[in-house]
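Novice: coordinates for the following, if possible.
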Amino acid sequence: MERDSFIYKTRRKGQVIAHKLFSDEFMSKLYYKIVLKQDLNLDNPLTFNEKIQWCKLNYYPNNNLVVTCADKYAVRDHIESKGYGETLTPLLGVWDNAKQIDWDKLPNQFVLKCNHGCAYNIVVSDKNRINKEETIKQLNKWLKEDFGAFNIELHYSKIKPRIICEEFLGENITDYKFFCFNGKPQFIYVSNDLIHDRQAQIGFFYLDGTKMPLKRDDYTDIPEVKLPDFFDEMLNMAKDLSKDFPFVRVDFFLANDRYYFAELTFTPGAGMMPFNPKKYDLEWGNMLDISSLVDKYEK
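Specialist: Predicted coordinates for the structure are as follows:
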């Protein structure tokens, strides 16, 4: 797993130090140049990635609803208030410290997550086979991390870190991610095996299930998809949840012949998504209207 490597850990430490030494704008431009090999234009953002970069520096960390909805624990109350509580994965526990976990009260299978970032997941398929001391150590290490400092996603820095435990949904989970622009879903991204950190498959599709001529070179491409019978239910829920934001990706888990709400993602790829072909970066940027936000936050 990449996050266990020496290079990964060293890079993370370097990012935290750099975050303390240099401005957020400077670090955003630096990471953008390193990852996408392009200059970041924050004065007149045009592409999707540039506009997400602008939002994560100016809008997202100053919007309380964004901070709440990026929090994997607090968002549950938001989903309940919207009338979609039945789509939530059953919650088995929440703690401020991993030492508080009462392992005897948990079932044999479950998923542990930290609420204040991404890829803070431990999938437990057999409780009797895990090393509890190492698991506690890992979770508490994650709790101390400022996830927002790594790639300048400042809204994550405002989340109170917690550990949540959710019901295990099984080994065969598919993600449906709706890219929603100004309250309107436009595309979906379907992926397999991301939660298990295996070699994932990803594909971009239009809302009718036809394939988009767009792919990510860092994942195996899914050539086709059969939309589930409840696709329109997910689509309508994505419309409702996205109407409060200029952009948000509404994510669902598909398992056990039904769908579950997964999360709301405001900065996919931290605003450094590798588009292939690159023209889609500008096309998606044309759909994302942040003009009113620029007028408000740059006055």
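
Novice: what residues of whichever strand or helix holds Phe204 count as buried?
Specialist: Assessed by DSSP states H and E, Phe204 sits inside strand 201-206. Using 16 or more other Cβ atoms under 10 Å as the burial criterion, the residues of strand 201-206 that qualify are 201-205. Any C-beta I mention is one placed from the backbone N, CA and C, and that applies to glycine too.

Novice: just the closest of the residues you listed to Phe247, please.
Specialist: Of all the buried residues of strand 201-206, Phe204 has the smallest distance to Phe247: 16.0 Å, by Cβ to Cβ.

Novice: count the residues that sit near Val35.
Specialist: If you count neighbours by other Cβ atoms under 10 Å, Val35 ends up with 16.

Novice: any idea how far it lies from Asn41?
Specialist: Plainly put, Val35 is 15 Å away from Asn41 if you go by Cβ to Cβ, to the nearest Å.

Novice: how about Phe245?
Specialist: Note on Phe245: its distance to Asn41, by Cβ to Cβ, is 22 Å.

Novice: more neighbours, these two?
Specialist: Legend: neighbour count by other Cβ under 10 Å for Phe245 and Asn41, higher for Phe245 (21 against 14).

Novice: my guess is the more buried one is in a helix, correct?
Specialist: No - Phe245: not assigned to a helix; according to DSSP: H, G, I helix; E, B strand; the rest coil it is coil.

Novice: what's near enough to touch it?
Specialist: 65-66, 180, 183, 266 (Cβ atoms under 8 Å, 6 or more residues apart in numbering).

Novice: which of these lies closest to Gln15?
Specialist: Nearest to Gln15 out of the contacts of Phe245 is Phe266 (Cβ to Cβ; 19.3 Å).

Novice: quick one: residues contacting that closest one.
Specialist: 52, 55-56, 60, 66, 69-70, 155, 245, 247-249.

Novice: pull out the buried residues from these.
Specialist: 52, 55-56, 60, 66, 69-70, 155, 245, 247-249.

Novice: quick one: which of the residues you listed sit in helices?
Specialist: Cross-referencing these against helices under DSSP state H gives 52, 55-56, 66, 69-70.

Novice: ok, those residues vs Gly83, which is closest?
Specialist: Of all those, Cys69 has the smallest distance to Gly83: 15.5 Å, by Cβ to Cβ.

Novice: could you report the pLDDT at that closest one?
Specialist: As predicted, Cys69 sits at a pLDDT of 98.

Novice: repeat that for Ala200.
Specialist: 69.

Novice: phi and psi next, for the residue lying farthest from the centre of the chain.
Specialist: Residue farthest from the centre of the chain, counting by Cα atoms, centre = their mean, is Asp104 at 30.6 Å. Torsion angles at Asp104 (phi, psi; degrees, to the nearest 10) stand at phi -70, psi -30.

Novice: quick one: it from Lys132, how far?
Specialist: For Asp104, the distance to Lys132 (Cβ to Cβ) stands at 11 Å.

Novice: for Tyr280, which residues are in contact?
Specialist: 48, 214.

Novice: quick check: buried residues in stretch 270-277?
Specialist: Within stretch 270-277, the residues that count as buried by 16+ other Cβ under 10 Å are 270-273, 275.

Novice: ignore what I typed, I meant stretch 30-48.
Specialist: In terms of neighbour count (16+ other Cβ under 10 Å), stretch 30-48 has its buried residues at 31-32, 35-36, 40, 42, 45, 47-48.

Novice: please consider this matter closed, and thank you.
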